[in-house]
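Participant: Have a look; sequence and predicted model below, questions after that.
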Amino acid sequence: MQDPTTKRRIIGIDPGSRFTGFGIIEKSGNKLALLHAGRIAVPKGELHARLYLIFQGLSDIIAQHRPTEAAVEGLFHHRNADSALKLGQARGAALVACAHHHLSVAEYAPTHVKQAVVGTGRADKDQVQKMVKLILSMDATALALDASDALALAICHAQHHQGIDALRRRTP
């Protein structure tokens with residue numbers, strides 16, 4: 001059982017073949033704090049080179065900020081098979097970066113993340129971004145939608161584990 005006073009550092013990752021969002025938060029008790037957020041922009045080029053840039057960019061961020069857990073957007077159905085395949089490959093590069101750094105990884109469906117952060121699984125990206133800023137007490141600082149989606153993943157993960165920890169404390 002996790003001690004509720006223990007600090008947990010979580011990276012959320014919103015993979016994409018052109019932009020991969022990331023956000024790192026620290027959970028201490030019931031408080032969440034933003035540590036770092038942004039996105040990795042991948043230039044056009046051969047797919048294998050772009051996937052390597054995603055892996056390397058996330059590896060550098062993980063090495064610098066040392067999260068202990070990761071939350072990655074799970075697969076969802078996409079109308080365009082080619083786009084879905086590229087997204088799946090970007091997810092693979094992100095998952096390998098997490099595995100390379102021995103992070104435990106949880107995957108969450110986009111609707112689950114939206115439900116956890118906004119209260120409805122049908123929220124749009126702007127609603128998610130506004131709630132992320134509110135939850136993390138961020139000012140009007142510009143935040144890329146990819147980064148706010150990644151932070152939403154990290155928040156969802158923190159909330160999910162908070163509920164599990166509470167249940168474990170109640171069980172004799």
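Facilitator: Sure thing, it's come through.
Participant: contacting residues around Ile135?
Facilitator: Going by CB atoms under 8 Å, 6 or more residues apart in numbering, Ile135 touches Leu32, Val117, Ile155. (C-beta placed from N, C-alpha, C; glycine too.)
Participant: Does the first one have any beta-bridge partners, and if so which?
Facilitator: For Leu32, the beta-bridge partners are Lys27 (DSSP bridges).
Participant: Do I have it right that it meets Leu134?
Facilitator: No. Look at Leu32 against Leu134 with CB atoms under 8 Å: they stay out of range, at 11.1 Å.
Participant: Between these two, point out the one with more neighbours.
Facilitator: Shown here are Leu32 and Leu134; by other CB atoms under 10 Å, Leu32 has more neighbours (20 against 10).
Participant: Pull up the gap between the more buried one and Ala140, please.
Facilitator: Separation of Leu32 from Ala140 (CB to CB, to the nearest Å) stands at 19 Å.
Participant: Please apply the same query to Gln89.
Facilitator: 35 Å.
Participant: Pretty sure Ala90 sits against Leu51.
Facilitator: Yes. Applying CB under 8 Å, one finds Ala90 in contact with Leu51, separated by 6.8 Å.
Participant: who has more neighbours, the two?
Facilitator: Ala90 (25 against 19).
Participant: I'd like the next helix or strand past the helix or strand hosting the more buried one.
Facilitator: Using DSSP states H and E, Ala90 sits within helix 81-100. Downstream of helix 81-100, the next assigned helix or strand under DSSP H and E is strand 104-108.
Participant: Burial check on Thr68, number of neighbours?
Facilitator: Other residues close to Thr68 by other CB under 10 Å number 14.
Participant: these two touch, right, it and His101?
Facilitator: No. Here Thr68 does not reach His101: they are 9.6 Å apart, not a contact under CB under 8 Å.
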